[in-house]
Structures are given as C-alpha cells and as structure tokens.
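Chemist: next comes the sequence, and after it the predicted model I'd like to discuss.
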Amino acid sequence: MKGCMLRNVVSIDDLTNEEIESLFRLADEFLEKMSVPGHPHRLTGRNDLAQGRILATIFAEPSTRTRLSFESAMLRLGGQVISSADANTSSAAKGESIADAVRVVENYADLIVIRHSFEGAARAAADYTSIPVINAGDGSHEHPTQTLCDLYTLRIARKTKSGEIQTDALRDLNVVLRGDLHDGRTAHSLAFALARFGSQILPDPAPGCDFPEHVRRRLARDYGCFPLISSDVDNLPQGAFPADVVYVTPEEPHQLALLPDVDNVWVRLSKRQQKSIRGMKHVDAFYATRLQLERIPPEHRDQMRKQYGSIDAKFLNEKKYRHSRVLHPLPRTDELSYELDRDERGVYFQQAAYGVPVRMALIAALLELQPGLLSPVEAPGKYAEYQHPQGIHCGNKRCVTRQKTEMHYLVPKFWIVDNQPLTTRCIYCDFEIEPKIVAQASTRRFTDATSTWREIDLNDMVIFDDETSAVSAGYQRNQVMLSQKP
Ligand code: NCD
C-alpha cells in the first residue's frame, strides 16, 4: 500500500493529458527561474523543494541521459540521490528478484526510478513497494519519461513569435516516427501520447522494424485509430507519405496515422477527414531512433544494420521537411548525420537538456512537493481485470511474469479488452492473446470462449489457452450454459 500519493509513472497512460500539461507548466517555471544566461535550455543552481528527500535510481541496463538527468533533477531540487547503476555489481547479479530489491530500497529512499530489460519490470516494482515508482525504460515496452521530454520539446517548438505557448500545442502535429519502431520503447510511448493529444503519426520503420502487434492493437483499441488501406480511399494523395495505410479515429480530434501492415479493419474517410489528410503536406517533427541492436538476435544484426538507413541534410531537403524539427532520444549511432548538428532544425541536444526541468517537475509532483499537479489516485483502468494462479500466462517471452527470478511470486494479471473474440492483455507488458477456453473454478467446468462464458462471475473465472490445458488442470467440458456463481 502506498503512502499518501498513490501514483506511479510506469506507462505514459499513467498521466492524463491535463496532468502532463501541468507538469510542463512547472518545468517552464524551473526554466524561467533557473536557466543559465545565454543557454535557455540549461539549468544551474538549485532550489530547496526536495530538501531532505532521497531519490534511488536502479538501472539494470546502460544509461547516460536518463539516469544522470534524473539525478541532476533531484539535486537541483535540493534533494539527494542514491544509485545502483551497474547490474553486474548489484544484487540482481546474484539472482535477487525485482520485488525483493524494491522492498529493500524503499527503506532507503522516497522515490524509485527503475530501468530493466524485462518488459513490465517497472509495473512489477510498483506492485511491491509503498513508494512511487518511475519507469525509466522496461525492455522494448515503454519509456514514459523520455516521452515527456519529447512532448515538451515539440511544445516549445510551437511557441508563437511572441514566445507564448498555445494551449493545444500538441494537437494536430504531423510527426514522422522513423527507425526501429519494433523494439524502440521511446517510439511506443510517444505514439500513444501523440494519438491521445490528437496529433498525426507517420510511421517510417526501417525494414523489419514495424510497430509490434501489441502497439498496433493498442493504438486501435485504446485510441480509436482505425486502419485504412489507401487504395480503398478515393483521393488519397499518391505517394505523399512513406507508407500506404492510414489510421483514422472515428471522432474528434481525428487522429490520423499512416502505418504499414494493416489488418482488415477499415473505415471510409469522410470528406472532412480526406481534407485533413490532403492538408498533411508538411511534417512538423521527424523523430529518429537507433536500431536497438541489443534486442536483436546476433544472426540478424548485420543485415538489419545494413538496411537501416541514415538521415542527412540532403534527406531533409524535401519541401515537406523545410520546417521540421529533428528529434532523437539519443544515443545516436549511424542513423543521424553529424552535419545536422549545425542545422537549426536539429533539436536533439535541447531535447536532452529538457530532461532536467521535466524530470524535476515529475519528481516534485510524485513527492507532492507542489500540491495539485497530479490527482492523488490513479484513474481506474477502463477494462475488467482478471487474475488467477491457474490458466493463461503472458504470451510474450520477454514479459517480467515469464522470467526465472520473477515467476515464483508474480501471478499474471490481465485486462479483458474484448469479448468477441475473448482477448486478454497482459497488465505488465501489454501483449494480447485470444484464449479459447473459459472455466468456472467453483464447478470445475469449462466451455468455449465463444459461448456463454460472460455469465461467469469474474472472481470465479479461470481462462485457459486451450482445451488440453483446461483438462490437464482437472476441468471438464460442460455443454450447457455455466451458471453464475451465487
Ligand atoms: C533511449 C532508451 O534507453 O530507450 N535512450 C534514452 O533513454 N534517452 C533510446 C535508445 O537507447 O535508443
């Protein structure tokens, strides 16, 4: 059970758009009061907002920017930092679980920032500690605080000539996401946030690096982005974008996204939507990412590296990029030419600098150093939650619930995101599966997931992948309708 602030930031969806905007206003204040003369992005000195508070950083994967900017942010708030930054010398190397690690560290600090290679690791950490947890990257899954820095950079780029920031600065932007969209966790959190704010995503993945299925499903299911095949749409501009599929929301703000690899769901564009697509003649921001080599099997690395491509000033000569900002979460490898450092469109070092004021605002909010920035409790999930020690497991091998050190204590948890077909989403890593069998624990009977399983009380329900697993768990098929538990 948490203390008074019951909040963690494990996914970008743990913050509402309004909360993100209030964090940004506080980050603006830090920049106004503490920036280095002549270097408006950089802070100096410190205040005493977090005096007496301690931040613990637990980094089980390499990091420069994220860890140091969190630590700098805490020091500039007048707080102190303790750090476990080398996975080889920390107790993880001795096989300690995430749950045990955070239950120890909570005695030493007021807030935990964790980076880990297991997908869903930060959610697992948050489940086992009573202090707030921030996800600094969990495998290929999400990196919400990088997204805060990305959005903050996009918002500042939209300043008017008089220096004002419009209230809807993050709406209706055309943003190309380029590179490794499969394993690039920053691209995932950013795509969700752009969709939520009503901006357009133009995915431009390197060969073999498309968004993974769970991201595409979440874009469609949670943000109402429906894919359209361009050949089905009259008047869609030919060759205007690097992909031939459009995702369109059915309602305002008509979030549009061009994605390859469609499923067969599609809707026809209204005249108004066609107009807004035709209007997408310019790109506001170009978000480059590096190939996540460490997550790719060694035998594929050379080939993928060869095909990856690189952006230089010539690439950005096209008219639609004339006023584009170039962002990159960094570190870069070969995908972004150094010549762009001299181009005023390249804002990636400013983006890295904003990591400090933005993370200061987040720390201040989670430690309640400035009241009213976040609602004290998380908004309830929008899907029903399912958990049972028997039955389905997450289908993602990289999920925290499937790891040797964690599987003894973590009971897989799922959202039931659809009834027809029954679809569950892992609460830790977002991976979706479509199990075939639903059973009733009290009667030890099961039925097909296509039948009347909705009658079963959620607390009495056990979901199985298939009939064989239900039978081997001691359940029997029931031909008649399963009744609700009294
Ligand atoms: C990113 C990360 O760790 O996901 N880096 C960062 O935090 N700024 C991007 C990357 O490593 O490619």
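Modeler: That came in fine, so what should we check first?
Chemist: and R295, what does it touch?
Modeler: R295 is in contact with G139, S140, D183, counting by C-beta atoms under 8 Å, 6 or more residues apart in numbering. Quick note: C-beta positions are derived from backbone N, CA and C, even for glycine.
Chemist: what's next to stretch 156-167, contact-wise?
Modeler: E21, D28, R155, A169, L170, L173, D284, A285, R325, V347, Q350, Y354.
Chemist: tell me the SS of the third one?
Modeler: This points to R155. Following DSSP: H, G, I helix; E, B strand; the rest coil, the label given to R155 is helix.
Chemist: pretty sure it sits against F24.
Modeler: Yes: counting by C-beta atoms under 8 Å, R155 touches F24, with 6.3 Å between them.
Chemist: just to revisit the earlier point, including pLDDT, could the contacts of stretch 156-167 go into JSON lines?
Modeler: Formatted as JSON lines, these follow (pLDDT from 0 to 100):
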{"residue": "E21", "pLDDT": "97"}
{"residue": "D28", "pLDDT": "97"}
{"residue": "R155", "pLDDT": "97"}
{"residue": "A169", "pLDDT": "93"}
{"residue": "L170", "pLDDT": "93"}
{"residue": "L173", "pLDDT": "87"}
{"residue": "D284", "pLDDT": "92"}
{"residue": "A285", "pLDDT": "95"}
{"residue": "R325", "pLDDT": "96"}
{"residue": "V347", "pLDDT": "97"}
{"residue": "Q350", "pLDDT": "97"}
{"residue": "Y354", "pLDDT": "98"}
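Chemist: of those residues, which is the nearest to the ligand?
Modeler: Taking C-beta to the nearest ligand atom as the measure, the ligand lies nearest Y354 of these, at 11.6 Å.
Chemist: okay, now the domains of this structure?
Modeler: Using automatic domain parsing, the domains assigned to the chain come out as 12-145+354-366, 164-345, 384-477.
Chemist: rank these by pLDDT, which is bottom?
Modeler: Ranked by mean pLDDT, these end with domain 164-345 at the bottom, a mean of 78.
Chemist: first residue to last residue on it, what's the distance there?
Modeler: 20 Å (C-alpha to C-alpha, to the nearest Å).
Chemist: in contact with the closest residue to Q350 other than its chain neighbours, which residues?
Modeler: Nearest-residue entry for Q350: H41, 4.7 Å, with adjacent residues in sequence omitted and distances by C-beta to C-beta, 6 or more residues apart in numbering. Applying C-beta under 8 Å, 6+ apart to H41 gives the contacts L31, S35, Q350, A353, Y354.
Chemist: who wins for most neighbours among the residues you listed?
Modeler: Within the contacts of H41, neighbour counts (other C-beta atoms under 10 Å) peak at Y354, which reaches 26 neighbours.
Chemist: looking at it, it is touching T153, isn't it?
Modeler: Yes: counting by C-beta under 8 Å, T153 is a contact partner of Y354 at 5.8 Å.
Chemist: residues near the closest residue to P207 other than its chain neighbours, how many?
Modeler: Counting by C-beta to C-beta, 6+ apart, Q307 is the residue found nearest to P207 once chain neighbours are left out, at 4.5 Å. By the measure other C-beta under 10 Å, the count of residues near Q307 is 12.
Chemist: could you do Y338 as well?
Modeler: For Y338, the neighbour count with other C-beta under 10 Å is 9.
Chemist: which of the helices or strands spans V358?
Modeler: For V358, the enclosing helix or strand under DSSP states H and E is helix 355-366.
Chemist: which strands or helices does that helix pack on?
Modeler: In terms of contacts (3 or more C-beta pairs under 8 Å, 6 or more residues apart in numbering; DSSP states H and E), helix 355-366 is packed against helix 17-34, strand 39-43, helix 65-76, helix 144-157.
Chemist: nearest to E406, of the contacts of stretch 156-167?
Modeler: Y354 (33.5 Å; C-beta to C-beta).
Chemist: would you mind measuring from the closest one to R345?
Modeler: 17 Å (C-beta to C-beta, to the nearest Å).
Chemist: buried residues in stretch 12-23, which are they?
Modeler: Across stretch 12-23, burial judged by 16 or more other C-beta atoms under 10 Å covers I12, D13, D14, L15, E19, I20, E21, S22, L23.
Chemist: which residues sit against it?
Modeler: Contacts of stretch 12-23 (C-beta under 8 Å, 6+ apart): 7-9, 142, 144, 147-148, 151, 167, 189-190, 192-193, 196-197, 222, 358, 361-362, 365, 372-375, 378-379.
Chemist: which residue packs closest to L374, ignoring adjacent ones?
Modeler: What sits nearest to L374 in space, not counting adjacent residues and going by C-beta to C-beta, 6+ apart, is A365, at 4.8 Å.
Chemist: N135 now?
Modeler: A122 (3.4 Å).
Chemist: contacting residues for A379?
Modeler: So A379 contacts T16 (C-beta under 8 Å, 6+ apart).
Chemist: use 4 as the first number from now on
Modeler: In the new count, where the first residue is 4, that last one comes out as A382.
Chemist: show me the contacts for the spatially most central residue of the chain.
Modeler: Central residue of the chain (C-alpha atoms, centre = their mean): S192, 2.7 Å from the mean position. Taking C-beta under 8 Å, 6+ apart, we find S192 in contact with S14, I15, E145, H146, P147, Q149, T150.
Chemist: so what's the last one scoring on pLDDT?
Modeler: pLDDT for T150: 98.
Chemist: count the residues that sit near it.
Modeler: Neighbour number of T150 under other C-beta under 10 Å is 26.
Chemist: same check, this time on the first one
Modeler: Residue crowding around S14 was assessed by other C-beta under 10 Å; the count is 20.
Chemist: still on that earlier bit, can you narrow the contacts of stretch 159-170 to ones near the ligand?
Modeler: For the ligand, no contacts are drawn from the contacts of stretch 159-170 by C-beta under 6 Å from any ligand atom.
Chemist: nearest to G211 among the residues you listed?
Modeler: Using C-beta to C-beta, the contacts of stretch 159-170 come closest to G211 at A288, 24.0 Å.
Chemist: so in terms of bridging, what pairs with the closest one?
Modeler: Beta bridges link A288 to V178, R328, judged by DSSP bridges.
Chemist: ok, now how distant is it from E99?
Modeler: Between A288 and E99 the distance is 41 Å, computed by C-beta to C-beta.
Chemist: neighbour-wise, which of these two wins?
Modeler: Applying other C-beta under 10 Å to A288 and E99 shows that A288 carries more neighbours, namely 26 against 13.
Chemist: surely L46 touches R362?
Modeler: No: using C-beta under 8 Å as the test, L46 is too far from R362 to be in contact (10.9 Å).
Chemist: neighbour-wise, which of the two wins?
Modeler: R362 (28 against 20).
Chemist: contact partners for the more buried one?
Modeler: Contact analysis of R362 by C-beta under 8 Å, 6+ apart lists S72, F73, A76, T148, L151.
Chemist: what residues are up against G477?
Modeler: Residues near G477 by C-beta under 8 Å, 6+ apart: R447.
Chemist: no, scratch that, I was asking about Y324
Modeler: So Y324 contacts H285, V286, F289, F318, R348 (C-beta under 8 Å, 6+ apart).
Chemist: of these, buried ones?
Modeler: By neighbour count, with 16+ other C-beta under 10 Å, these hold V286, F289, R348 as buried.
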